[in-house]
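In: Below is the sequence, then the predicted model.
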Amino acid sequence: MLAFLRGGPTGLEHLVAKAIGMLGDSRHSFDLATLALLTKTDAAAVDNDIRETDQRISVAEQELRSEVVVHITVQGPTDIGSVLSLVLLSNKIERIGAQTRNVLDLAEAGVSLTNQPDTEALLSERSVISALFGEVAELMSEPDEDALDDLSRRCADLQTEQQNKIDGYLHSTEPGTVVVPRAIYQRYLKRVVANLVGIVIALSEPMPPTDTLTEDSASSGSDADG
Amino acid sequence: MNTSTADKGITGAMPTWLRAILVGGLIYAFLVGVSALEAGVKFMGQDTQERLFENVSNPLAGLCIGILGTVLVQSSSASTSVIVGLVAAGAIDIDTAVPMIMGANIGTTVTNTLVALGSARQSNEFRRAFAAATVHDFFNVIAVAILLPLELATGVISSIAGWLSDLLVGSSGSDWKSPIKQWVKTPVGWIKDFWSWIGLSGNTLGVVMIITGLAIVLISLALITKNMRQLIADRVERSMNSVLAKGNGSIAMLLGMVITMLVQSSSITTSILIPMSAAGVITLRNAYPVTLGANVGTTITALLAALATGSTPALTVALTHTVFNVTGILILYVPPFVRDVPVYCAEWLARIAASRPVWAVGYVMGAFIVLPLIGVIVAR
C-alpha cells in the first residue's frame, strides 16, 4: 500500500530504469569474464559472481515482462512503441549475458590470453566494448538521435574489424592453440556488439516502418510499365 | 526512449492540478445529479410513485431489477446511487432497496466478464481470464445466496447499517442536516426553474428532472472514472507491481478498495485484472482479493450520494451496501476452508468456457439478462 501512497517515477521511467539496471549487470559480467580471460584474474573466483549476476538479469527480465503487461493494462497503449523497445532490448541484454558466460567458459576451460603479444590490443578492445555499454545505458535514459546514429556507426565499424580478425585467424598459419581461442573469443565479442547494436536499433525503431503507400505507388507504377 | 507522459493527446496533456480541480467539479456535478433525481421523484406525487415502484416490493424482483439496471448502465456506482436517490425521495423503502443493492453487486460483475470474452480465441489465456472474471460473479452470487435470505428472515444487514447510520448522523427515520445537501440545493433549483420555465409541471416535470438527474449522474461518474484513472495510473501501476512482487491477500484487498474508491468504479479495478490474468502475470488466487477490495471500495459512491440527500434511510441503504460486502468477505474469504469455493467454481466454469467459448457467451446472456428478466416477470 505504501507503493500507492508515496510518489515515484512514472511507470515507463521505472521500466527503463529496470532495463538500464539489467544492462549495468551485463556490463559487470562482461568486464569480469573478459578479465578472467585476458588477465591473471582467477576464473573460478569470478564464476560465482557472474552466475549470480546472470541470475539477477534473468529475474529482472521476468519482472520486466510482467511489469510491461501491468503497464499496458493500466496505462493503455500510448507507450506501446517504448514498451516494445523494452521487450526487445531486454531479450538482447539476456543474450549478452549468455555470450559473457561463453567467454567465461573459455577461461575456465584453461584458455588464457594473458602476457601474449596481442594482450594489450585485446584489453583495449575490451575497454572500448565496455564503454559502449555505458553509452547505450545513457541513450536509454536520454535518447538522442544523433548520438544513436553515431553509436550505430561505430558499432558497425567495430563489427567489421572483428570479422576481419576472425577471417584472419581462419586463414592463419599459426598453430590452432593460438588462433582457435582468439577466433572464438572474437566471435563472442562480435555477438556482444551485435546485441548492443540491437538495443540501439530497438531504441530508435522497435518496428520497421511499413510504407504501404509507397509500395502501392511502386506496384501501380510497375503495372503501368507492364 | 521517451519516458514522459506528455505525449498522450489533449486529455493526457492536462496538468495534474487542473485535472484534480476537474474531478472535484465532477464530484459536485454527481451530487447535484443525485439530488435532482431525488427532487424529480418527489415532484411526481405519492400515487405515481406507488404505481411505478409497486412491482419491486418483491425481494426477488428487486434483486433482478438491481442486476438488470446495473448491467444496463455497466456501473454499480451509478445504479446504487440511483437507488439511494429513490430511497431519499421516499419512492422505495429500505426493505425494498436492500435486494436491489445486492442485485447491483451481482450486475456489476458483467463488465469484467465481457472483457474476458475478448480473449476467447486463445484457449489458455481465455481460461485464466474467464476464471479471474467469474470469481467475482461467484463470490457475489454466493454472498447473496447466503445473506439475502438471512436479511429477509432477520433484517440483520439493514439493522447493522441502521445502527451505523444512527451512530453517524443521529436517530434513524429523520433527515439530518447534510452540508452537502445545502451546497447542491442551488443548482438543483436552477434545473427545476429551467424546466418550469419551459412550461413543464407535475408528473412531466418530475420525469424530466429524473432523466436530467440520471444523465448528470451517469456522465459525471463516467468522467470522474476516466480522469481519476489518468490521475492515479502511475500509482496503480506501482502498487500493482508491488502486490505482484510481495503482496499478501489483505494488502491486495486494501489496494483493490483504494483504487476503486478513487476511480469510483469497481469495473475499472476488476477489468485491469483480466488482461494481467490472461497473460499469467497474476494468479487467480492473487486477483481474487483485489476483486473483493473493489467490491467494498465501490460502495463509497452510494455513501457519497447519500450525503447529497441528507436522508437517514438513504444513508442506511448506502451503508447496507458496505455492510453486505464486508460481511461477504468475513463469511467467504476470512475462513480458510471456504475461501477457495468461489475460486474452484470459477476454475470449473472457465474450463468449460475455454473448451467451448459459446458456453461463455451463453453464461453471460443467461446469468445477466435472461435469468434476471425471468425473475422480474415471475416475481412481480
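Out: Here it is on my side, so go on.
In: Now that we're looking at residue B:6, what pLDDT does it have?
Out: At residue B:6, the model reports a pLDDT of 39.
In: Likewise for residue A:213?
Out: For residue A:213, the predicted pLDDT is 67.
In: How about residue A:88?
Out: 89.
In: Tell me how many other residues surround it.
Out: If you count neighbours by other CB atoms under 10 Å in any protein chain shown, residue A:88 ends up with 17. The way it works is simple: take the backbone N, C-alpha and C, and place the C-beta from them, glycine included.
In: ok, now the one 5 residues further on?
Out: As a burial measure, residue A:93 scores 28 neighbours (other CB under 10 Å).
In: Are the host helix or strand of it and chain B in contact anywhere?
Out: If you go by DSSP states H and E, residue A:93 is part of helix A:80-108. Yes: using CB under 8 Å from any CB of the partner chain, we find that helix A:80-108 touches chain B at A:82, A:85-86.
In: Now do the helix or strand just after that helix: everything it contacts.
Out: Helices and strands here follow DSSP H and E; after helix A:80-108, the next one along the chain is helix A:119-141. With contact meaning CB atoms under 8 Å, 6 or more residues apart in numbering or on different chains, helix A:119-141 is reached by A:16-17, A:19-20, A:23-24, A:26-27, A:30-31, A:34, A:38-39, A:89, A:113, A:116, A:147-148, A:151, A:154-155, A:158, A:185, A:189, A:192-193, A:196, A:199-200, A:203, B:1.
In: Ok, stretch B:256-268 next?
Out: Applying CB under 8 Å, 6+ apart, the contact partners of stretch B:256-268 are A:1, A:4, B:74-77, B:108, B:111-112, B:221, B:224-225, B:228-229, B:231-232, B:236, B:239, B:269, B:289-298, B:300-301.
In: change it to 6 Å
Out: With contacts defined as CB atoms under 6 Å, 6 or more residues apart in numbering or on different chains, stretch B:256-268 is touched by B:77, B:108, B:111, B:224-225, B:228-229, B:232, B:236, B:269, B:290, B:293-294, B:296-298, B:300-301.
In: same deal with stretch A:152-169?
Out: Stretch A:152-169 is contacted by residues A:179, A:182-183, A:186, A:189-190, A:193, A:197, A:200 when judged by CB under 6 Å, 6+ apart.
In: Let me have those residues in TSV, adding secondary structure, neighbour count and pLDDT as columns.
Out: Converted to TSV, those look like this (DSSP: H, G, I helix; E, B strand; the rest coil; neighbours: other CB atoms under 10 Å in any protein chain shown; pLDDT from 0 to 100):
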residue	secondary structure	neighbour count	pLDDT
A:179	helix	17	90
A:182	helix	20	93
A:183	helix	17	94
A:186	helix	21	94
A:189	helix	24	94
A:190	helix	20	95
A:193	helix	22	94
A:197	helix	20	90
A:200	helix	23	86
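In: and which of those residues is nearest chain B?
Out: Taking CB to the nearest CB as the measure, residue A:200 is the one of the contacts of stretch A:152-169 closest to chain B, at 11.3 Å.
In: Helix or strand with the lowest mean pLDDT in chain B?
Out: One helix or strand of chain B scores below all others by mean pLDDT, DSSP states H and E: helix B:9-12, with a mean of 44.
In: pretty sure residue B:107 contacts residue B:67?
Out: Yes: using CB atoms under 6 Å, residue B:107 is in contact with residue B:67, at 4.1 Å.
In: is chain B contacted by the longest helix seen in chain A?
Out: Taking DSSP state H as the criterion, chain A has its longest helix at helix A:43-75. Yes: judged by CB under 6 Å from any CB of the partner chain, helix A:43-75 comes into contact with chain B at A:66-67, A:69-71, A:73-75.
In: Neighbour count and pLDDT added to those residues, as CSV?
Out: Listed next are those as CSV, based on neighbours: other CB atoms under 10 Å in any protein chain shown; pLDDT from 0 to 100:
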residue, neighbour count, pLDDT
A:66, 19, 89
A:67, 24, 90
A:69, 20, 89
A:70, 25, 89
A:71, 26, 89
A:73, 22, 88
A:74, 24, 86
A:75, 23, 84
